[in-house]
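S.K.: sequence and predicted structure are below.
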Amino acid sequence: MNIIYLLLTISILVAILFFVAFIVSVKKGQYDDTYTPSVRMLFDDELIDDKLKNGKTTNTDN
Amino acid sequence: MEQNNCFHCSDICISSIVFDNKTFCCNGCKTVYEIFSLNNLTDYYTIEKNAGTKPLESISKYDFLSDDAIVEKLLDFNDDTTHIITLHIPHIHCSSCIWVLENLHKIEPLIVSSQVNFPKKNVRINYDATKYTLKKLVELLSIIGYEPYISLNDVSNDKKKVDRSLIYKLGVAGFAFGNVMFLSFPEYFEMHDYWIEQYKNTFRWLMFAFSLPVVFYAAQEYFIAAYKGIKSKILNIDIPIALGITVLFVRSTLEIVLDYGTGFFDSLTGLVFFLLLGKFFQQKTYNFLSFERDYKSYFPIAITKINTDRSESTLQVYDIQKGDRLLIRNGELIPVDAILIKGGAHIDYSFVTGESEVIAKKSGDKLFAGGKQIEDAIEIEALKTVSQSYLTQLWSHEVFNKKREDPFRTITDVISKRFTIAILSIAIIATSYWVYFDSTKALNVFTAVLIIACPCAIALASPFTLGNLLRILGKKKFYIKNASILEKMATIDTVIFDKTGTITSNQKSTISYEGIPLTQKEVTLLKSTLRSSNHPLSRRLYDQLEPLDILPIDTYKEHIGKGIEVKSNSNSLKIGSATFVGVPSFKHNLHTSVHIKSDNEYKGHYLFHNKYREGITTIFNRFHSEMKVGVLSGDNQGEKKHLEKILPTGIPLLFNQKPEDKLQYIKALQKQGQKVLMIGDGLNDAGALAQSDVGIAISENINVFSPACDAILDATKFEQLYDYVKSAKKAMTIIRLSFLFSLIYNLIGLYFATTGQLKPVIAAILMPLSSISIVVFTTICTNLINNKIK
């Protein structure tokens, strides 16, 4: 029957873990700007692309 | 890409510069392209079209950034080797902007990193301070067309700390609410199984533990507000809420201590969670707008001082003394009232008056603070210090200084007074009844009444209605500071408009020609001439004229403040003011005019009329049918007759109003008991906007300038203003209906409470149900309003 205590402890610990994660993310300012990161993540590809092109030709725009 | 458009800024190229097979309209744009292509940043042009802006030329205006004391004040972080600074860049508008600004380190390796906050239009830059300076950084940004906006406000204000406590509280309450719900679930079914009997104490004490942070941390504000309410003898909505929370907590704790029941921890945490949710929803912040601007946001931090030995040094604006000689360069703002000593002054007072006309001054003339010098550098002598100048003095008026104790009572406050009295009397009557018949139930009934009557739904009605309307109007480009402004707007009975820049448009003007008609050749020459001139009137006239061929010009001479003289082949042309061209008598001296003389023969003049915004007559008529309307103008009476024609008859039109006069006029109206809505645009309206019950600033460009106000309206939406004000009134009806709704819920709850049969499960169902149905009701209703307005 002690399994109930074990389950309770685990469930509460998991809940607290997520709660702490939430507080930390708010504190770090992750919710202050919800727009820019969504745009920023789309750029990464182009940066790599840029480097690849430069390996082949000196100026891609000519 | 069209051939004639600049590859960088997509302006039409007049004299195109070809570089790298691409056309550019000016050397500045070419330079930006060169910088980008050298650093492999040409993706800038592929991410988004038309991303670029023409870079500005004047660089020396950032000399003040060499001053360590100023730099220190601007920096977020400084440890001598690393500097971190947040700069506001109004031009940030698309994803290309984010991309190029976050790749600054490719252009300048000494920049360690940069991060854009798009909604705030900020960029946070980290650079190596041992080899790089802020001045170089700002200059680099200006060269690539991202000129940061640095004003006096940046140094004089303490950096604001972001207040995230509401999110924390909401997190705590939500976390506790979810867990308590789980833990109380087994007991909802009233099974008396062996295992529940064995573990129920563990479950109950866990719930108690979860409710502690909710009561003592998340619900803090309600206790504080209730205490303040009692102290100032106002029965606000927070009193029954605080009472409800206290009773819920105390009774629940006693129940589990005495092993009498499960308590109401689920309802308690749920209540606080929903209340905080309402508060959170009501908050709508427009990061890119500022409602608190005063002259400090417009003024520069420092200015160039000319010392007695003619050397130049940087002087902080606050340190300007009477008698100081100052150098004002092209595009710089005059920070103090001064006398013009040297140079041709062309002052643009549009910050102050909203009037974009440039005024020419001679040496010896008095210049007022707030004007912007166009064209050459001028030398001035300060007459007053910054805080004593004509314009800035307005801010020492009491309206700006003390935070007005707001006598305004919200609709929730009004209802909560009656509500609190009613609840308390019901609780007492019901308790005395039970004391008489069955005293064991008396305490149970007393607490049950206070628990069930806790006005969760009432407290939620107004935040959700107003919060939702705030968002709806925000999408329609009417940005309101906070929800209480909407409530005030519903009470408005007088609407006062500023004229220039408010009911007239700054950017458009109608131009009419009077005199001997110009020949085709003369118009062509006129247009060719105007193309070379940067004077605002020239630009406007140029835009108005039909597109024609461009004639080569032999001699071109611009007399600053007077006009232009040109010669082409055998023709000559004189364009400019009446005295410059030599007109003996001119009757329209109240209007702005440009005179033309061709081959020594006077031809005629162009008259510039203020262009009124579209729909001006309808909007005045609609307001006039229900409220009092008036117009205050800082201008002369030149437009009076015209205004009388297009506006409804009998409304007051006041001219030659100084900023202080406008403020006093509003004050006088308020003394008569009227609720005044003021609509203005320039800094000269700032006093009236602050004094009025609701001050709306109208703005052609939301991101740039607007004085302190309660709401900002995009100029393109001027026609809809009436609908917006009306929607605020409709919102109040919705709130009243919601109150009715929640009263019905309360009556059902009170039936259970007074008869002594309130079970935790009933409370746990009734409370969220009432809250959720109110939220649904208000959301549907506000969206209906939304559909009605354009």
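M.R.: Thanks, I have the structure now. Keep in mind the model is a prediction, meaning the values are calculated, not measured. Residues are numbered from 1 along each chain as shown, chains lettered A, B, ... in the order given.

S.K.: worst-scoring helix or strand of chain B, pLDDT-wise?
M.R.: Within chain B, no helix or strand scores below helix B:398-401, which has a mean of 62 by mean pLDDT, DSSP states H and E.

S.K.: after it, which helix or strand is next? Please name it.
M.R.: The element immediately downstream of helix B:398-401 (helix or strand, assigned by DSSP states H and E) is helix B:411-437.

S.K.: starting at the chain centroid, how far to that next one?
M.R.: Chain-centre distance of helix B:411-437: 43 Å, with CA atoms, centre = their mean, to the nearest Å.

S.K.: immediately after that helix, which helix or strand?
M.R.: helix B:439-452.

S.K.: what's that following helix packed up against?
M.R.: helix B:238-257, helix B:411-437, helix B:721-754, helix B:760-788 (3 or more CB pairs under 8 Å, 6 or more residues apart in numbering or on different chains; DSSP states H and E). Placement of C-beta: from N, CA and C, glycine included.

S.K.: same thing but 10 Å
M.R.: Counting contacts by 3 or more CB pairs under 10 Å, 6 or more residues apart in numbering or on different chains; DSSP states H and E, helix B:439-452 is packed against helix B:238-257, helix B:265-282, helix B:411-437, helix B:721-754, helix B:760-788.

S.K.: run the angle between it and helix B:721-754 for me.
M.R.: 170 degrees (axes from the mean of the first three to the mean of the last three CA atoms, to 10 degrees).

S.K.: which regions of chain A sit below the pLDDT cut-off?
M.R.: A:1, A:44-62 (pLDDT under 70).

S.K.: try it again with 80
M.R.: A:1-2, A:32-34, A:39-62 (pLDDT under 80).

S.K.: following the longest helix belonging to it, which helix or strand comes up?
M.R.: Secondary structure assigned by DSSP state H gives helix A:3-27 as the longest helix of chain A. On the C-terminal side of helix A:3-27, the closest following helix or strand by DSSP H and E is helix A:36-40.

S.K.: pull out the buried positions in that next one.
M.R.: A:36, A:39-40 (16 or more other CB atoms under 10 Å in any protein chain shown).

S.K.: who's in contact with the longest helix of chain A?
M.R.: A:30-32, B:164, B:167-168, B:170-172, B:174-176, B:178-179, B:182-183, B:195, B:198-199, B:202-203, B:206, B:209-210 (CB atoms under 10 Å, 6 or more residues apart in numbering or on different chains).

S.K.: residues from the stretch 351-500 of chain B in reach of chain A?
M.R.: Within reach of chain A by CB under 10 Å from any CB of the partner chain, the stretch 351-500 of chain B has no residues at all.

S.K.: count of neighbours near the residue of the stretch 551-700 of chain B found nearest chain A?
M.R.: Distances between the stretch 551-700 of chain B and chain A by CB to the nearest CB are smallest at B:Ser699, namely 21.7 Å. Residue crowding around B:Ser699 was assessed by other CB atoms under 10 Å in any protein chain shown; the count is 21.

S.K.: A:Gln30 now?
M.R.: 12.

S.K.: and for B:Leu713?
M.R.: B:Leu713, neighbours per other CB under 10 Å, totals 26.

S.K.: next: B:Gln657.
M.R.: Neighbourhood size, B:Gln657 [other CB under 10 Å]: 21.

S.K.: confirm it sits in a strand?
M.R.: No. Assigned with DSSP: H, G, I helix; E, B strand; the rest coil, B:Gln657 falls outside any strand and is coil.

S.K.: still on that earlier bit, what would the helices and strands packed on helix B:439-452 look like in CSV with mean pLDDT and mean neighbour count?
M.R.: Shown next, in CSV, are the helices and strands packed on helix B:439-452 (pLDDT from 0 to 100; neighbours: other CB atoms under 10 Å in any protein chain shown):
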stretch, mean pLDDT, mean neighbour count
helix B:238-257, 90, 21
helix B:265-282, 89, 24
helix B:411-437, 86, 16
helix B:721-754, 88, 19
helix B:760-788, 85, 18
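
S.K.: how about the residues of the stretch 101-250 of chain B that lie near chain A?
M.R.: Residues of the stretch 101-250 of chain B lying near chain A (CB under 10 Å from any CB): B:102-103, B:106, B:115-120, B:122, B:162, B:164, B:167-168, B:170-172, B:174-176, B:178-179, B:182-183, B:194-195, B:198-199, B:202-203, B:206, B:209-210.
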